[in-house]
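Student: fold the following for me, if possible:
(one chain, ligands or ions: 1)
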Amino acid sequence: MILNLEELAQEVATKTQIPTLERDVLMIFSSIISTPNFWEIAYRSARPFNQVAETLGILQKKGLIGTDNEGQIFLTPEGKKIFAELKINPLPDYYCTACSGRGISIEKLKELKEKFAKITKERPAAIVNFDQGYVTEETTISRIAHLAHRGDIEGKEIIILGDDDLVSLAAALSGLPKRVVVFEIDTRLTDFIKEQSEKYNLKIETYQHDLKYKLPLEFLNKFDTFLTDPPETIKALELFIGRGLAALKGPGCAGYFGLTMAESSYLKWLHFQSLLAEKFKVVVTEAIPNFNEYVNWDYLHSSIRNDLSFLKIKPNLNWYRSTQFRIITLPESATTNEDFLDEDIYIDEESLVYTKMEA
Ligand SMILES: [Fe+2]
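Tutor: A predicted model of the protein is given here:
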């Protein structure tokens, strides 16, 4: 049997509507021989989730891979032969275990981490309605450390646009910012943040707000730093970051947000980078891969495609991660703050839930 990589990439692209190159497929092959667990393969491939799943599904149909009783993936004898012919090598793991590759140590913030863990214990569960899914405590505290390290939090006025990660609580608990303001759509979260803020006298200002609607005037040009974690459609990225920029005081201010490989192809990354460079005219000072590590959320299995045997097993690690961006505004930078009510901002063809929706 001969495996035509170009045809395989084309088939994946057609079925998923996600641009797929031969090299994407080869990267996924390398991940397959690095680990038997699908979720780890998805994470190591650093490619869109549905592209990875579809590629594995095709290999399974061709009899090149199989799954055991536990859903672990193995190469069949035919698969082994083809992978050997293609000279596929496993990916070595050189990630720094001390900082999980973030380049940020939170050793000195142990006390903050413990306090944060204690007060967020009763946090509301992630729900599908608003594309929720929150990050690990370590991630939230690393964000605070990152901001502090860059001089973007101490004595600064901070705005958080969407806060299922409860960054507002960690920021206020650190005692560093001068002001913390949250805009969040989900009343379960605004109620929770308000409650904890009152209980611990954190003075967080919390507003229930759908970010499809523009920010109220009194919040424009008032902040030094914004944080957000938008749904990964181009429109949502544009809206959330545009609002964040509109809230900033002017040149030299900072914005932080995440972008995944799991729900965003390289082509989307390119569109997004053009948006930052050409529309908003902001500079990217940092993009730290895998900075944001998400806790596996309850609705995952009911929301994604379920037609492949290896998707039925539970993730063995926090596989869904995102790159943390830091941007800085310049005198040239532009902002937007208009209502946007025309279309769904949560889902595009690269979203985890897309295939399921089409089925
Ligand atoms: Fe490190």
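Student: tell me the buried residues in stretch 78-95?
Tutor: Using 16 or more other Cβ atoms under 10 Å as the test for burial, stretch 78-95 gives 79, 82-83, 88. (Glycine included, C-beta is placed from N, CA and C.)
Student: just stretch 19-28 next, same as before
Tutor: Neighbour count says stretch 19-28 has 19-21, 24-25, 27-28 buried, by 16+ other Cβ under 10 Å.
Student: how about stretch 253-269?
Tutor: Neighbour-count burial for stretch 253-269 [16+ other Cβ under 10 Å]: 253-265, 268.
Student: tell me the average confidence for that stretch?
Tutor: Regarding stretch 253-269, the rounded mean pLDDT is 96.
Student: over to stretch 331-342?
Tutor: 91.
Student: coming back round to it: what's the closest of the buried residues of stretch 19-28 to L217?
Tutor: P19 (40.3 Å; Cβ to Cβ).
Student: the closest one reaches L270, doesn't it?
Tutor: No. Contact criterion Cβ atoms under 8 Å: P19 and L270 do not qualify, at 10.1 Å.
Student: show me the buried residues of stretch 19-28 that map onto helices.
Tutor: 24-25, 27-28 (DSSP state H).
Student: rebuild the residues you listed as JSON lines, extending it with distance to the ion.
Tutor: Output for these, formatted as JSON lines (distance: Cβ to the ion, whole Å):
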{"residue": "D24", "distance to the ion": "28"}
{"residue": "V25", "distance to the ion": "31"}
{"residue": "M27", "distance to the ion": "24"}
{"residue": "I28", "distance to the ion": "27"}
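Student: now the residues you listed as a markdown table including pLDDT?
Tutor: Shown next, in a markdown table, are those (pLDDT from 0 to 100):
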| residue | pLDDT |
| --- | --- |
| D24 | 97 |
| V25 | 97 |
| M27 | 97 |
| I28 | 98 |
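Student: can you tell me which of these is closest to G71?
Tutor: I28 (17.4 Å).
Student: OK, contacts around that closest one?
Tutor: Contacts were defined as Cβ atoms under 8 Å, 6 or more residues apart in numbering; by that measure I28 touches 41, 45, 47, 51-52, 55-56.
Student: quick one: it from A254, how far?
Tutor: According to Cβ to Cβ, to the nearest Å, I28 stands 35 Å off from A254.
Student: next to the ion, which bits of the stretch 1-150 of the chain? Give me the list.
Tutor: Within the stretch 1-150 of the chain, the positions near the ion by Cβ under 5 Å from the ion are 96, 98-99.
Student: please check the residues you listed and keep the buried ones.
Tutor: Buried among those by 16+ other Cβ under 10 Å: none.
Student: which of the residues you listed lies closest to L173?
Tutor: Looking across those and measuring by Cβ to Cβ, the closest to L173 is C99, at 21.4 Å.
Student: give me the spatial nearest neighbour of that closest one, chain neighbours excluded.
Tutor: Using Cβ to Cβ, 6 or more residues apart in numbering and skipping residues adjacent in sequence, the residue nearest C99 is S105, 5.6 Å away.
Student: does that neighbour touch C96 like I think?
Tutor: No. In this structure, S105 is not within contact of C96 by Cβ under 8 Å, at 10.1 Å.
Student: give me the common contacts of these two.
Tutor: With Cβ under 8 Å, 6+ apart, S105 and C96 have no common neighbours.
Student: spit out the contact partners of D164.
Tutor: 126, 130, 132-134, 184, 186, 189, 229.
Student: in a markdown table, list those residues along with pLDDT, neighbour count and secondary structure.
Tutor: Output for the contacts of D164, formatted as a markdown table (pLDDT from 0 to 100; neighbours: other Cβ atoms under 10 Å; DSSP: H, G, I helix; E, B strand; the rest coil):
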| residue | pLDDT | neighbour count | secondary structure |
| --- | --- | --- | --- |
| A126 | 81 | 20 | coil |
| F130 | 77 | 16 | helix |
| Q132 | 80 | 22 | coil |
| G133 | 83 | 20 | coil |
| Y134 | 89 | 23 | coil |
| E184 | 96 | 25 | strand |
| D186 | 94 | 19 | coil |
| L189 | 95 | 24 | helix |
| D229 | 93 | 27 | coil |
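Student: over to the residue nearest to the spatial centre of the chain. Which of the three states is it?
Tutor: For the chain, the residue nearest the mean C-alpha position is S322 (3.8 Å; Cα atoms, centre = their mean). The three-state label given to S322 by DSSP: H, G, I helix; E, B strand; the rest coil is strand.
Student: so what sits opposite it in the bridge?
Tutor: Following DSSP bridges, S322 is listed with bridge partners T260, N292.
Student: and it, what's its pLDDT?
Tutor: Looking at S322, the pLDDT reads 96.
Student: how close does it get to the ion?
Tutor: 18 Å (Cβ to the ion, to the nearest Å).
Student: do I have it right that that residue meets Y256?
Tutor: No. Counting by Cβ under 8 Å, S322 stays clear of Y256, with 11.5 Å between them.
Student: just grab the bridge partners of whichever residue of the stretch 151-300 of the chain sits closest to the ion for me.
Tutor: Proximity of the stretch 151-300 of the chain to the ion (Cβ to the ion) peaks at I288, 11.1 Å away. Counting by DSSP bridges, I288 is bridged to Q324.
Student: tell me who's in contact with it.
Tutor: 101-103, 146, 323-324.
Student: swap the cut-off to 10 Å and go again
Tutor: Taking Cβ atoms under 10 Å, 6 or more residues apart in numbering, we find I288 in contact with 101-104, 142, 146, 258, 322-326.
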